[in-house]
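>>> What would the 3D arrangement of this be:
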Amino acid sequence: MTTDLPTSTSAPTATADAAAAYFAAKLACETDPSDVYEAQKAGERFLLVDVRGAEAWAQGRIPGAVHIPYGTIAERAAHDIPLDMPVVVYCWSPGCNAGAKGALAFTQAGYSVREMIGGFEYWAREGYPTEDDDGTLPRMRDRLVALVR
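Residues are numbered from 1 along each chain as shown. Got it, this is the predicted structure:
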């Protein structure tokens, strides 16, 4: 068995320096549900922003998040959020690009922002707390994405 990565002439392999720069930039702009949950528990200073629409927000959300749909960020951010507040945005799932749209809008407004990859879907599937207008929702871990104890 070989441990070499597959190569082809049509897809050159990045140099180690290029790959390191790419992954460092990616990690500077992204985070994931487990890191956000740990940051919340540690009391780190950041604002978690749900950029989905009103119906999705009402269906369920992450405790402590604020709701600013991505289409309203340009008009609301400066009034609602101090410019020195780090922002983490999330949308519905990996199949939704509202998180990227929200992150772009916050960046264009001058904020330091990261997108939580996986969105609300993976937050919930990993069994982290969720809520709706009536209170706490049941926690269930999906054994395909999280350890089930």
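
>>> which residues does the residue sitting nearest the centre point of the chain contact?
By C-alpha atoms, centre = their mean, the chain has its centre lying nearest to residue 116, at 1.0 Å. The contact partners of residue 116, by C-beta atoms under 8 Å, 6 or more residues apart in numbering, come to 30-33, 36, 48, 88-90, 99, 123. Using the backbone N, CA and C atoms, a C-beta is placed for each residue, glycine as well.

>>> Return the member of these nearest to residue 42.
residue 36 (10.7 Å; C-beta to C-beta).

>>> so which strand or helix has the closest one?
Assigned by DSSP states H and E, residue 36 falls within helix 33-42.

>>> quick one, the helix ranked longest in the chain and helix 33-42 angle?
Longest helix of the chain, by residue count under DSSP state H: helix 16-29. For helix 16-29 against helix 33-42, the angle by axes from the mean of the first three to the mean of the last three C-alpha atoms, to 10 degrees is 50 degrees.

>>> elements contacting the helix holding residue 36?
Helices and strands touching helix 33-42, by 3 or more C-beta pairs under 8 Å, 6 or more residues apart in numbering; DSSP states H and E, are helix 119-125.

>>> pLDDT (mean, whole number) over the helix it packs on?
On average, the pLDDT along helix 119-125 is 96.

>>> follow-up on the earlier one: give the bridge partners for the residue nearest to the centre of the chain, please.
Legend: beta-bridge partners of residue 116 under DSSP bridges are residue 31.
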